[in-house]
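Participant: 3D model of this:
(chains A and B)
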Amino acid sequence: MTLPNMSFLITGYILLMVQTHPFLPFGRNGVRPDLILILVIYIGLNYSKNRGALLLCFLGYLFELVSGAPHGLYILIYLFSFCIIKILKKYFNFETFGKRFAILLVCSFTKFCILQFCFYFIYETGSILGQKPFFQETLFTLILFPFVFTLLNRIPGQQKNSSDFLPPL
Amino acid sequence: MLQFFLKKKRFFFLLGLFIIALIFFARDIENRKTYTFFDRLFLDVLITPVKISTLCINKAVHIWRGYFYLVDLKKENSFLKGYIENLEMQNQLLREEALENKRLRELLSFKKKFAHTMRPAEIIGRDPSSWFKTIIIDKGSKDGLVRDCGVVTPRGIVGRIIDVTEASAKVLLITDVNSAVDAVVKRNRARGIVEGFGENTCQLSYVLNTEDVLLNDVLVSSGLNSIYPKGVSIGTVSRIVKNKQGFFQFVEIKPLVDFAKLNEVLVVLKEF
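Facilitator: Numbering: from 1, shown residues only, chains lettered A, B, ... in the order given. You can find the predicted model right below:
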């Protein structure tokens, strides 16, 4: 495994541990920021399709191990988000602060739509799960987004001469 | 044909990953799978640093609270003395009632009440997702925990174990949409199923419109599913909507356990 792959895997693991920790100051009522989604955006903007998708599958799998979510759901969510980023990247550049926030909102909304689909058609409880957790989760993620993104930019072993590489915020 | 696949290999690779994820998802929805050997291995490696840091933070919190306890000790001591006197009085009355109860049970040849073995456990992780409600505790199969063990606190039911590794276990909270507990209303024994409703509430399903359920009625476990002991509190009725069209009324339940402040739980061990 190459150094960037390993670095991202370790970073993903650390972010997941922070998100799982019972003493996380955010989300005492169960709503937590999605730090892995920030990593998905970073990987989507900086990584090749194959390597990025494989890495996200593994991160999604780790996420599902500590979560009550059914196996495969978060892998699907992260893969969908990854594909959306790859498609949007063909038409826009994401070098500005505002555009990166916009892509986070798009990914959060994609995730919300997939989860709502699940709750409506699989668990048949969609009508009772309101938008409150979605707004809270997105807000928490937006607050932490600049810090996590800046930290990700400092991960060693990245191909800094790559045209895909983004400057820090 | 081969040229086409080679040309679009990235697309087919992604498509393959999507299909694999969908297959996993569909299989899990149909019948929730338990942890495999690799799942248990990964989770044990994954959760160990969280476990250590949680225990360290808990220790620090205890020391800090101990300091404040000493500061307020004198004030609290006088309050507690009065409280103990009150409890002693209540205790005497309850002892009398217990003796009377025992005599009556013997008279009626009641079976001896099943005594459950409980094991205390500490919470070392919460669900990283905002949509599913689970917690991870620091006891696992080496402590005698198995799948479907009930998890309670003195205040009421917390949930049940859905996955176990050697040193940790995942608990599905009663507020999760996948959770269901057979329950009765304490006041009039009206039956229903307490189902998770998301956002720290539950609903009492399958309660007929004709059933007399009131606000603030307490719900307790029926003991039928052999996961939770009989008579453990679940929550109180916080909202009722009588449906004129259907058979059942909508009853919202507020759990008695405050999941946000939960640090320790008791696991009801299965007797074999």
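Participant: When you work out contacts or count neighbours from here on, use the C-alpha atoms and nothing else.
Facilitator: Fine.
Participant: CA-only coordinates of the one helix or strand B:I136 maps to in CSV, if you can.
Facilitator: B:I136 belongs to strand B:134-137 when assigned by DSSP states H and E. Provided in CSV are the C-alpha atoms of strand B:134-137 (Å, rounded to 0.1, in the frame of the first residue of the first chain):
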residue,chain,number,x,y,z
THR,B,134,-26.6,2.4,18.9
ILE,B,135,-23.9,2.5,21.6
ILE,B,136,-20.8,0.3,22.2
ILE,B,137,-20.1,-1.0,25.7
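Participant: residues contacting B:R65?
Facilitator: Contact partners of B:R65, counting by C-alpha atoms under 8 Å, 6 or more residues apart in numbering or on different chains, are absent.
Participant: for it, phi and psi?
Facilitator: Dihedral pair for B:R65: phi -70, psi -40, per degrees, to the nearest 10.
Participant: just to revisit the earlier point, from the contact counts, what lies against the strand holding B:I136?
Facilitator: Using 3 or more C-alpha pairs under 8 Å, 6 or more residues apart in numbering or on different chains; DSSP states H and E as the contact test, the elements touching strand B:134-137 are strand B:118-126, strand B:169-173.
Participant: how about the spatially most central residue of chain A, what does it touch?
Facilitator: By C-alpha atoms, centre = their mean, the mean C-alpha position of chain A lies nearest to A:L37, the distance being 0.9 Å. Applying C-alpha under 8 Å, 6+ apart to A:L37 gives the contacts A:78, A:104, A:107-108.
Participant: Just give me the closest of the residues you listed to chain B.
Facilitator: A:Y78 (10.3 Å; C-alpha to the nearest C-alpha).
Participant: ok, now how distant is A:G60 from A:I155?
Facilitator: Taking C-alpha to C-alpha, to the nearest Å as the measure, A:G60 falls 20 Å from A:I155.
Participant: Look at the two and report which has more neighbours.
Facilitator: More neighbours surround A:G60 than the other of A:G60 and A:I155, with 24 against 13 (other C-alpha atoms under 10 Å in any protein chain shown).
Participant: Quick check: closest non-adjacent residue to the more buried one.
Facilitator: Excluding its sequence neighbours, the residue lying closest to A:G60 (C-alpha to C-alpha, 6 or more residues apart in numbering or on different chains) is A:I75, at 4.4 Å.
Participant: cool, and B:V268?
Facilitator: B:M118 (4.7 Å).
Participant: ok, now which ones touch the closest residue to B:L208 other than its chain neighbours?
Facilitator: Nearest residue to B:L208 in three dimensions, chain neighbours excluded: B:F248, at 4.3 Å (C-alpha to C-alpha, 6+ apart). Taking C-alpha under 8 Å, 6+ apart, we find B:F248 in contact with B:205-209, B:242.
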